[in-house]
Each structure stands twice: as structure tokens, then as C-alpha cells.
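Undergrad: dropping a prediction and its sequence here:
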Amino acid sequence: MGGKPVWFIACGVVFAALSSANVRPALAQTIAEKVEVCAGCHGQGGKPIDPMTPIIWGQQSGYIYIQLRDFKRGDRKNEIMRPIAASFEKEDMLAIAEYFSNKPWPDLGQARSPKDVAERALRAEHSVGCTGCHLDHFQGSGTVPRLAGQSREYLTKTIADFRTRARGNNPGMSDLMLATPTDDLAALEDYLAGL
Amino acid sequence: MNSYSIAYATLLGLGCLLAGPSSAQEVKQDPWSPSREAKISPVTQAQLDSADKNTANFLLTNGNYAQTRFHPARQVNRDTVKNLHVAWIFQTDVKESMETSPIVVDGVMFVTTSFSHVYALDAKTGQQLWHYNHKMAPVTTFCCGPNNRGVQVLGDLVYLATLDAKLVALNAKTGDVVWKTDIADPELGYSETMAPTVVKDKVLIGTNGGEYGIRGFLRAYDAKTGKLVWNFDTVPEKSVGVWATKDATGRDMHRDIAAEKAQLAKSGDPYAKLGGGVWQNPAVDLATNRIYFVVGNPSPDLDGAVRPGDNLYTDSLVALDLDTGKYVCHFQYIAHDVWDLDAVSPAVLVNVRSKDGKSIPGVIHAGKTGHIYVHDRKDCSLIRFSEAMVPQENMWVLPTKEGARMLPGANGGVEWSPIATDPDQGLAYAINLHQPMHYRVENSAYPNGKLWLGGAFTAIADEKQSGNITAVNYDTGKIKWQVKTPEPMIGGILATAGGLVFTGEGNGKFAAYNSSTGKELWSFHAGAGVNAPPSSYMVGGKQYIVVGAGGNTQVNFRRGNNIVAFTLD
């Protein structure tokens, strides 16, 4: 639409002005302060310190918001995240989610799965219809997370937790994971990590 | 930089971030393409009322208020269709599932994409006139893809319902927002993918969310202001019904009524989180001022233990008074559905033969069960149901923890895909899926707006899937012809006065068939799944056929971002 040229020019002006004046927006400062603690586990450059910790840089903002909300509510159990999320109001959670979703997704350098594993993974996908929600190339959208390139160890733990319902904030996912053979899930984990 | 400048820059900078690409499925076309004004005259109610006779335009999602998807132009016909060729291809900015029904008004076409984008195009050239890029809220909750099925125009406004559950009116000439209304809370599982139906200054809209424990509705909003006029809850507070043990075709559904009654005594009526989404447009009977639509599945899909009773009005045809939204009649196809074999393909108004052979006003619906159901429009009662269009096996075996095999699979039969009809031939044309599945049940409590399936449907890996195009005589219930397709069919179909039907497949094939015999007369390969309903229109004295080729999320057909228009040499 006709607004596109204006959009690009306006952004250029804003960022040039901010950069030249060496001034950072107040809102960004506030968010930056709020998210300082996150880097301790999720990584300064977006690569988690521990592979059991998920990538949140470049993750879908709606998904990050819902997880923070659920940590606070206690719908998703996590001893580290609950006290952190407890201090946030909805506006904080939305702003933090937006902040991380705008960061670039880090490349963990996980190997692409071999052909036979990929084929098995796609058969499993076809059976339960993962891409119906996670979308083409497993990029996610809104409240549905990106899975492509997520930490292999985190994917394995999450799927296992869905199967035992230890991860209790999405029973629909538990149902789908319980309906999928574990060998197929292992292939899916390899495949997704390598995307 | 003073504080005002900082604040302004902050807001503008934030705006830039928020207005930037919002999804990985966006593919940038020419970011500098100029915006032009769409030169159309306001669409009048009289034009909409007579849309079924209008060869130049395609004014409603399913062609006209009766939703026949029968276009009266006949320039493209059984003799000339062999000369059909591409007139133009327009590439949208979104490469993701495409379910739009192109709307055409005075040579201007309106199409939508996933994530609720709207484009106005020159219908003769495919040139972009304007593009509305909806600023999506962060929380969207949807099953089956971020789809959008189209818009409607009344007066000088274009009406759109969005994935984040908003109703938006756009200036038809410029694409600027005129008003915007929140329909429901996406955090509780509500979303919008259907096209609105606009009639008599009311915008009619349903909701998705049957997989998330919503309470469904159909609503009318004031077309000028966006204010709510009436609301009809698709699940009444007394949802228990008559404890029906047989489906519409008379087959036993193996309900444990005693267990359900015990559950009812314990937990009460489950109406508040019982689902009942409305996926597709209502048909409007202008003579009686009634609307007819179908209601989707109960929540959770597969676990009936937590929702005792018939779960009214899920899996039902429902009629309402257009002015007030008051209940007129209903017919439930499957009481207490635990297979998600619900009612989603839009209802169609045609004259049908009654049981005693008289021609009466009827309403027909193509079910996920694979039957076409024929009703008396007066009281919604069932006159007949067609032969099954797809294999049915092991119906109605109850879902188990290990998985029980039953055909059809949970997508149908006929999914949300609209059917077409040819009233002169008394035929209804439907596209079907054949996907053998296991039905599995699990039990879990209401999850606060999260996915709530109550189990899983899983495609059986070593059983072949396929599809078909079927013509059914709705006065006899007999199948007239059937064309088998290599993959399940989802999208929609169009019939024309040229004696043709047009429909597409997930492998990219888009074809024309003789509407009397099913003989294939012409085809084209679009390179991405053709899983959207076609439209037809005339401009500059030439008839065009247009369809979206963007693939499908639900059945995972190859994605694309094309609107393809065809015309004769």
C-alpha cells in the first residue's frame, strides 16, 4: 500500500535520530531492565546456557506472553520462572514478549537429521497434523511456538513432559504426544532441532 | 532531542517495530507499489438481493444469499472452456494457506490471505489497488491454520473478520479503517476465519473455537457503526436435549445414557464451555427474513464424558429470525458427537422435492459424514439424506485410549468447503476427503482457552488417502456422478450456467468438469494447492474464472501466494 514508503522513511529517521543523539527510548530501557535477568539462563546473545533451556529470542510473542502468564498462574510449573513471572503484570509480559520476539533466532548449529529420520518425522507429523498449528516449516504463529531449530534437549524434555502431563498447561498437546509412538517422537525431535 | 521528541520518536519507533513483518509466512513483494483508489460505486442492498442474476459481479462469499455458488454467466461453457487461459496472476505478500472467495464489484476484486490481509485488485489486469495489512494482536488462538475466507461489501464499506477476533470495516475505495470492533477474547480461544455476511445493514458473523472450550455464537453487528445488534448463543443454557441415541441417518451412536445422566447430576449442564463454533456464512432467506447456518462440534472434541447430553445445538442446522436473532428451528445431525464429524460446510437454499413429491423451499447441507442432508425450510425437519459420498466403516465406534478405526476421518466427508448447486439439474456438487483415522480419547479438565481435544485423531499411515468430486441429485439422494482424485479435497467448488463446475486439488490442479457427467474438459496446474472456492465475473465483455492457489494448512498442501484469473482467448 501507499504507506510502505512512509513506513521505511519514518523508521529510518527515528533510528537515525535516536542513534545520533545517543538516547534510548524510556520504554525500551524499562524492558531492557526487566529482561536483564533472562540472559542468565536464556543467554546474552540468545543461545541458552543450558540446552535444557529453550530459545526465546525470535520466538512468537503470543507464545512467550502465554507462558509467562501461565508461570504466574501456576498452570505451568517451573521453580525458576514462577517467581520471576510473579512480579509481572500483563502489560510487562506483553512488552517482554514483544522484545524477545523481535530478536533474531539464534543458530545452535544442530545437525540436520538424516533422510530416513526426516521421513519418519514427517510421517508422524502427517499422522497428528503438527503443521496445522505450528504452520509450514514449523515457524509457529501467535500463541503457537516456533519449533524449527529449537534446542534438541529441550524438545525432548518438553515432549516427555507433555506425555506425563508434567507440562500441564496444554492438555491438547499432551493428547497429541500420547497418540504418537515414542520412536516417531524421537525422529521428530531430531528433525525439528536440525531445521 | 527534547522530551517531546523522545516520546514521539519512541512511539514512532515502536510503531515501526509493530508494523513490520509479523510472521515468517510473509513474503515481501514490491514494498513501493503505489496505492490507487478503487473506483467502485456503493453496493446497494438491491444489488445484493439479486446477486444470483448478476453475471458481471460476484458479490457474496457463496455467490448469493441462497449460497448456491451457481454463477449465471455462460460465455465460458462446455464448448469454449478448452480455450481458457491465464489472464493474470497476482502474488500476495503472504505464502500460507489460502481459503479466500474472491469478491468482485464493478471490475474491482477483493481477496484475503492468511493473517487477515485484504487486497483490492483491478479484476481485468490483476493490478493491486490497495492492501490492508491488519495489525495483528499478539494473542491469536486458532486450529487449522491462520486462514481467512474473504470479505463482503455493502455501500462503500468492505467488511472483514480477523484472526484476533475483531470485526473491521474498511473504506472500499482506499482500504482505510472506518471502524473496528472487538468480537471476543482470543485468550479464551476465539478467532475469526469466516467471511461476514452483510444484509439489511447487519453484519452477521460467527466464531471459531470449538477446539478450545468456547461458547459459540452467531451475531449481528450494525453495518454503519459496528455496534452489536443481537447475539445468539449456539449453545443454549439447557443443552441436554432429548437424549437422542441415533444419528440423522438412524444409526446407533452407542451412547451410555445412564453414565451421562449421572455426570449431569454431578456437574450440571456443560453449556458454558461447550464449543459450537460457526465456521461458515449463514444463508439468508429474503422471503421469510430467516437465516440458516450450521453449528460445529462440541468441546472437547473426543471426550464426551465431561459434557453429558445432546450438546445442543452443536452439529446442527439452525434457523433464526434475521431482525431479532430469535430461534426458529434446528435439526441436530449427531447428538453428543465424539468424532468431530460436525457441520461446517455452509447451508444452501434451494427448492427441493418433499417426501410427497412437491417442490418446496428447502435447505441442504453437506456433512463431514459424507451425506448431503435435505431439509424442509419451514421447520428444519429432515426430508432425506444422500448416499454416502465417501467410504463409511465402523460407524459409530466409540473412541478408545488405544485408538479405534472409523471412516470417515475427522475432516470428513465434506469439510468447511462450500458446495455448489445447479437448480436446473437438481444437482449439488461437493468435494470430499477420504482419510482413514484412529479416534483416541483422553480425559482432561477445561484448560482455560488452550487446545482441548479430549484425545486425538491420527491418520493411519499405511492406509491410502484420496478424495472425490461428487454430484448428488438432492431430490432423490442418489449420486449422479463421481470423479476420484488422488488426494483429499478441501477448498470449494463453483457451478456455472455454462454447464461446468470448477474446483481445485492440493496438488495444484485446477479443472473444469461437465456438470452433467463429470467429464474433465480443461485443467491447469497452479504450482501450489488450489484449496479455495473459485468465483466468476465479467469485465470488458469477457467472463473470468478466478481462484486462490495458496495450499492448505489443515491438510498440509503445498503453500503458495497466488490469485489466478482465467479468461477466453
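TA: Structure received. Numbers count the residues shown, from 1 in each chain, chains lettered A, B, ... in the order given.
Undergrad: can I assume B:P488 is in contact with B:K464?
TA: No - in this structure B:P488 lies outside contact range of B:K464 using Cβ atoms under 8 Å: 10.6 Å. From N, CA and C alone the C-beta is placed, and that goes for glycine too.
Undergrad: so between those two, which is more surrounded?
TA: Using other Cβ atoms under 10 Å in any protein chain shown as the criterion, B:P488 and B:K464 rank with B:P488 on top: 26 against 9.
Undergrad: just give the nearest non-adjacent residue to that one, would you?
TA: Leaving out its chain neighbours, the residue that sits closest to B:P488 by Cβ to Cβ, 6 or more residues apart in numbering or on different chains is B:L433, at 3.5 Å.
Undergrad: got a list of what the most centrally placed residue in chain A touches?
TA: Compute the mean C-alpha point of chain A, and by Cα atoms, centre = their mean the closest residue is A:Q59, 3.4 Å away. Contact partners of A:Q59, counting by Cβ atoms under 8 Å, 6 or more residues apart in numbering or on different chains, are A:100-101, A:105, A:140, A:145-146.
Undergrad: can we see that at 7 Å?
TA: Listed by Cβ atoms under 7 Å, 6 or more residues apart in numbering or on different chains, the contact set of A:Q59 reads A:100-101, A:145-146.
Undergrad: cool, and A:E98?
TA: Neighbour list for A:E98: A:61, B:138 [criterion: Cβ under 7 Å, 6+ apart].
Undergrad: doesn't it belong to a helix?
TA: Yes - counting by DSSP: H, G, I helix; E, B strand; the rest coil, A:E98 is found in a helix.
Undergrad: pLDDT at it, what is it?
TA: You'll see A:E98 listed with a pLDDT of 96.
Undergrad: equivalent analysis for A:T30, please.
TA: A:T30 carries a pLDDT value of 75.
Undergrad: which helix or which strand is home to it?
TA: helix A:26-35 (DSSP states H and E).
Undergrad: then B:Y373?
TA: strand B:372-376.
Undergrad: which is the succeeding secondary structure element to that strand?
TA: strand B:382-385.
Undergrad: skipping adjacent residues, who's closest to the most centrally placed residue in chain B in space?
TA: The C-alpha lying nearest the average C-alpha coordinate of chain B belongs to B:Q280 (Cα atoms, centre = their mean; 3.9 Å). Distances taken as Cβ to Cβ, 6+ apart place B:P346 nearest to B:Q280, at 3.9 Å, with adjacent residues excluded.
Undergrad: cool, A:G142 as well?
TA: Closest to A:G142 by Cβ to Cβ, 6+ apart is B:T140, at 3.3 Å.
Undergrad: quickly find the element holding the one you found.
TA: Judged by DSSP H and E, B:T140 forms part of no helix or strand.
Undergrad: you'd agree it is up against B:E192?
TA: No - using Cβ atoms under 7 Å, B:T140 is not in contact with B:E192, being 9.8 Å away.
Undergrad: just to revisit the earlier point, for my notes, confirm the residue nearest to B:P488 occurs in a strand.
TA: Yes - assigned with three-state DSSP, B:L433 falls within a strand.
Undergrad: return the backbone torsion pair for the closest residue to B:H134 other than its chain neighbours.
TA: Closest residue in space to B:H134, ignoring its immediate chain neighbours: B:S116 at 4.2 Å, by Cβ to Cβ, 6+ apart. Note on B:S116: backbone dihedrals following degrees, to the nearest 10 are phi 70, psi 30.
Undergrad: same question, B:W452
TA: phi -130, psi 80.
Undergrad: count of neighbours near it?
TA: Neighbour count of B:W452, defined by other Cβ under 10 Å: 29.
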